[in-house]
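Chemist: show me the folded form of this:
(4 chains)
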Number of protein chains: 2
Amino acid sequence: MPERLDATLSKGMLVLEALSSSPHPLGISDLAARLALNKSNVHRLVRTLKALEYLEQEPDRTYRCTLKVWKLGNAVMGHMNLPALAAPAMHALAQLSGETVHLSVIDGINALYVEKVDSARSVRAYSERGGSAPLHCVATGKVLLAFNYELLRPRLSGNLSRQTARTITTLKALDKEMETVRVRGLATNLAEYRDDVTGVAAPVRDPAGRVIAAVGVSGPLARFTRQQIRKIGPAVREAGQRISEAVDAGRPL
Amino acid sequence: MPERLDATLSKGMLVLEALSSSPHPLGISDLAARLALNKSNVHRLVRTLKALEYLEQEPDRTYRCTLKVWKLGNAVMGHMNLPALAAPAMHALAQLSGETVHLSVIDGINALYVEKVDSARSVRAYSERGGSAPLHCVATGKVLLAFNYELLRPRLSGNLSRQTARTITTLKALDKEMETVRVRGLATNLAEYRDDVTGVAAPVRDPAGRVIAAVGVSGPLARFTRQQIRKIGPAVREAGQRISEAVDAGRPL
DNA sequence: TGCACGAATTCCGATATATGGAATCGACGG
DNA sequence: CCGTCGATTCCATATATCGGAATTCGTGCA
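Modeler: Predicted coordinates:
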């Protein structure tokens, strides 16, 4: 017997998801088609969401999400205001490296990018705020993994998806790599997720010493070489420490 | 006859709102009390939201919002990625001024802070990301108001709430002030919202020249004096222009 | 170890409510 | 001016939701 759920609420959330992920406002018929729902049903859901001010109607009668949706999500992140605390250190790192800087947290078996700072030089990277990548093949993900390994290792068996020729795909190899990461306090990604992208990352710790996030720099293989990575490594580690201190102090440093 | 709305969806959104705005996870009874709803009703709503992965359960059986809620809101802002584009200029301004920098957009008759950069020196300001203040009495709000005056003026009659002794509370005085703002390309707030806070702001324009946002610097009256404001004014205006160019280019400058 | 209390969770019959097909309305284009 | 397409409203019906009560679970205390 499948769990008893509230259909109306589920459908309403589907509507919100569809509209928030669409670059354009959508009309009722369009929405109904995408969600495989009845038109008049969708209309009532939309009307409700509009009354609650989560949606607004365009002059052409299509609907789009309002910033109230953003406020909702923002409030959630607000109680964990890492991005704000980390911003100064991230910008400094972006300036120093000339590459893109990320802040990631764990989201299931993925690294979720909660903040991102582009440098002027950086090309369009593979990641966006809110995006994610498998823990085992990006630098920030490896950091998060290495310092929460007991917890996460079980979930990864059979989930070490191959992304490139260099992706680590066996638990044995991963065990070894994680040990290295813990010793060095740094993780690297040498074209293990995308053929032409490399990165380095370091841990961010809460006052109790638990690793709650990771900061990392990444760039195109052609420019962000192994040597560049070695050179920037200490700065990344320091950025991690600086952010950890900011978390401790409760304000940006 | 009140419009016909879907009660289940409304209540579900209330649950999400309550949980997202609470600093702590909440239990079923607690939620039910706050929302004045039946316990078993709340339980089913929560179960549904949990199945959809918008909520998760703590070991102590209380519930909290997941980052999926944040992702939802983030996607909305993503289609209007002002914050990312504006970040470099905002940080530069924060560095230069040593004060807090805001990016605001219009939200009804309020200025909504969509991005905020604290300088190391800045004291805890009155605003948070996602927070808002009346358009007529903060610097960024005045900019947004001045350049969308035809549209917004009608909505403000009777809504010029007094916040401090210096708040502008008459349409006549506001008309004059708005004219000044348009001419100078800058707006100021001299303790008009909070007795001890001042600010300056400048417009951000889309490629068509419409004012879509405002950048502003604000600080404590004691430190951020009229002279400081005059001194930093040009830099604020330039930051506004720089962000406008970034919007045009589609990438941070 | 067992008991008692509060909270969460499940159950279930009554009924308010969501449903979806059909009718209506409204905008636009030929 | 009419025809088409989409949005919106209507309405009878089925049923999904509601909430009170019963049950289970967890925790602290004796």
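Chemist: name the element A:Ala201 belongs to?
Modeler: Mapping A:Ala201 onto the secondary structure by DSSP states H and E places it in strand A:197-205.
Chemist: each with direction, which strands does that strand pair with?
Modeler: When pairing is defined by DSSP bridges, strand A:197-205 lines up against strand A:187-190 (antiparallel), strand A:211-220 (antiparallel).
Chemist: figure out which of the ones you listed is closest to DNA strand C.
Modeler: Nearest to DNA strand C, of all the strands paired with strand A:197-205, is strand A:211-220, at 25.9 Å by C-beta to the nearest atom of the strand. Backbone N, C-alpha and C define where each C-beta goes, glycine included.
Chemist: can you name the secondary structure element that comes next after the closest one?
Modeler: Counting by DSSP H and E, the next helix or strand C-terminal to strand A:211-220 is helix A:226-249.
Chemist: so is stretch A:75-83 next to chain B?
Modeler: Yes: applying C-beta under 8 Å from any C-beta of the partner chain, one finds stretch A:75-83 touching chain B at A:Ala75, A:Val76, A:Met77, A:Gly78, A:His79.
Chemist: what's the mean pLDDT across that stretch?
Modeler: For stretch A:75-83, mean pLDDT rounds to 82.
Chemist: give the buried residues for that stretch.
Modeler: A:Ala75, A:Val76, A:Met77, A:Gly78, A:Asn81, A:Leu82, A:Pro83 (16 or more other C-beta atoms under 10 Å in any protein chain shown).
Chemist: and the fourth one, how close does it get to DNA strand C?
Modeler: A:Gly78 sits at a distance of 23 Å from DNA strand C (criterion: C-beta to the nearest atom of the strand, to the nearest Å).
Chemist: got it, and A:Gly141?
Modeler: When distance is defined by C-beta to the nearest atom of the strand, A:Gly141 is 31 Å away from DNA strand C.
Chemist: so what's that residue up against?
Modeler: Contacts of A:Gly141 were listed using C-beta atoms under 8 Å, 6 or more residues apart in numbering or on different chains, and they are A:Ser104, A:Asn110, A:Ala111, A:Ala133, A:Pro134, A:Leu135, A:Ala214.
Chemist: looks to me like it is in a helix.
Modeler: Yes: assessed with DSSP: H, G, I helix; E, B strand; the rest coil, A:Gly141 lies in a helix.
Chemist: give the contact list for the closest residue to chain B within the stretch 151-253 of chain A.
Modeler: Using C-beta to the nearest C-beta, the closest approach of the stretch 151-253 of chain A to chain B is made by A:Pro252 at 5.1 Å. A:Pro252 makes contact with A:Ala84, A:Leu85, A:Ala86, A:Ala87, A:Pro88, A:Ala246, B:Asp118, B:Ser119, B:Ala120, according to C-beta under 8 Å, 6+ apart.
Chemist: and if we set it to 6 Å?
Modeler: By C-beta atoms under 6 Å, 6 or more residues apart in numbering or on different chains, A:Pro252 lies in contact with A:Leu85, A:Pro88, A:Ala246, B:Asp118.
Chemist: and the second one, how many residues sit next to it?
Modeler: Taking other C-beta atoms under 10 Å in any protein chain shown as the criterion, the count of residues near A:Pro88 is 22.
Chemist: excluding sequence neighbours, find me the nearest residue to it.
Modeler: Leaving aside its chain neighbours, A:Pro88 sits nearest to A:Pro252 (4.8 Å; criterion: C-beta to C-beta, 6 or more residues apart in numbering or on different chains).
Chemist: Serialize the contacts of A:Pro252 to TSV and add fields for secondary structure and distance to B:Arg162.
Modeler: Conversion of the contacts of A:Pro252 to TSV gives the following (DSSP: H, G, I helix; E, B strand; the rest coil; distance: C-beta to C-beta, whole Å):
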residue	secondary structure	distance to B:Arg162
A:Leu85	helix	35
A:Pro88	helix	36
A:Ala246	helix	37
B:Asp118	coil	28
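Chemist: max pairwise distance over those residues: which two?
Modeler: Comparing all pairs in these by C-beta to C-beta, the longest separation belongs to A:Ala246 and B:Asp118, at 10.1 Å.
Chemist: surely A:Leu152 is in a helix?
Modeler: Yes: under three-state DSSP, A:Leu152 sits within a helix.
Chemist: could you report the neighbour count for it?
Modeler: Neighbours of A:Leu152 (other C-beta under 10 Å): 18.
Chemist: swap in A:Arg121?
Modeler: Counted with other C-beta under 10 Å, residues neighbouring A:Arg121 total 12.
Chemist: go on, A:Ala201?
Modeler: Neighbours around A:Ala201, by other C-beta under 10 Å: 33.
Chemist: any idea whether A:Gly130 is helix, strand or coil?
Modeler: coil.
Chemist: give me the nearest residue to it, chain neighbours excluded.
Modeler: A:Gly130 sits nearest to B:Asn74 (C-beta to C-beta, 6+ apart), 4.1 Å away.
Chemist: what helix or strand is the one you found on?
Modeler: Using DSSP H and E, B:Asn74 sits within helix B:67-78.
Chemist: which helices and strands does that helix pack with?
Modeler: Where contact means 3 or more C-beta pairs under 6 Å, 6 or more residues apart in numbering or on different chains; DSSP states H and E, helix B:67-78 is packed against helix A:7-21, helix A:67-78.
Chemist: again, only this time at 10 Å
Modeler: Under the contact definition 3 or more C-beta pairs under 10 Å, 6 or more residues apart in numbering or on different chains; DSSP states H and E, helix B:67-78 sits against helix A:7-21, strand A:63-65, helix A:67-78, strand A:100-107, strand A:110-117, helix B:7-21, strand B:55-57, helix B:82-97.
Chemist: list the helices and strands the first one packs on?
Modeler: When you say that, I think you mean helix A:7-21. helix A:28-35, helix A:39-51, strand A:55-57, strand A:63-65, helix A:67-78, helix B:7-21, helix B:39-51, helix B:67-78.
Chemist: related to what we said a few turns ago, ok but the residue nearest to A:Pro88 is inside a helix, no?
Modeler: No: looking at A:Pro252 with three-state DSSP, it is coil, so not inside a helix.
Chemist: which phi and psi does it have?
Modeler: Backbone torsions of A:Pro252, given as degrees, to the nearest 10, read phi -70, psi 140.
Chemist: what confidence value was assigned to it?
Modeler: Note on A:Pro252: pLDDT of 73.
Chemist: contacting residues around the residue of chain A found nearest chain B?
Modeler: Nearest residue of chain A to chain B: A:Gly73, at 2.5 Å (C-beta to the nearest C-beta). Contact partners of A:Gly73, counting by C-beta atoms under 10 Å, 6 or more residues apart in numbering or on different chains, are A:20, A:130, B:16, B:20, B:65, B:67-77, B:130.
Chemist: up against DNA strand C, what does chain A have?
Modeler: Within reach of DNA strand C by C-beta under 7 Å from any atom of the strand, chain A has these residues: A:Ala7, A:Thr8, A:Lys11, A:Leu37, A:Asn38, A:Lys39, A:Ser40, A:Asn41, A:Arg44, A:Leu45, A:Asp60.
Chemist: if we can go back for a sec, want to try a markdown table for the helices and strands packed on helix B:67-78, with distance to DNA strand D as columns?
Modeler: Formatted as a markdown table, the helices and strands packed on helix B:67-78 follow (distance: least, C-beta to the nearest atom of the strand, whole Å):
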| stretch | distance to DNA strand D |
| --- | --- |
| helix A:7-21 | 4 |
| strand A:63-65 | 8 |
| helix A:67-78 | 19 |
| strand A:100-107 | 24 |
| strand A:110-117 | 29 |
| helix B:7-21 | 5 |
| strand B:55-57 | 11 |
| helix B:82-97 | 28 |
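Chemist: save those as CSV, and put in distance to B:Arg210 too.
Modeler: Listed next are the helices and strands packed on helix B:67-78 as CSV, based on distance: least, C-beta to C-beta, whole Å:
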stretch, distance to B:Arg210
helix A:7-21, 24
strand A:63-65, 18
helix A:67-78, 17
strand A:100-107, 30
strand A:110-117, 27
helix B:7-21, 31
strand B:55-57, 39
helix B:82-97, 13
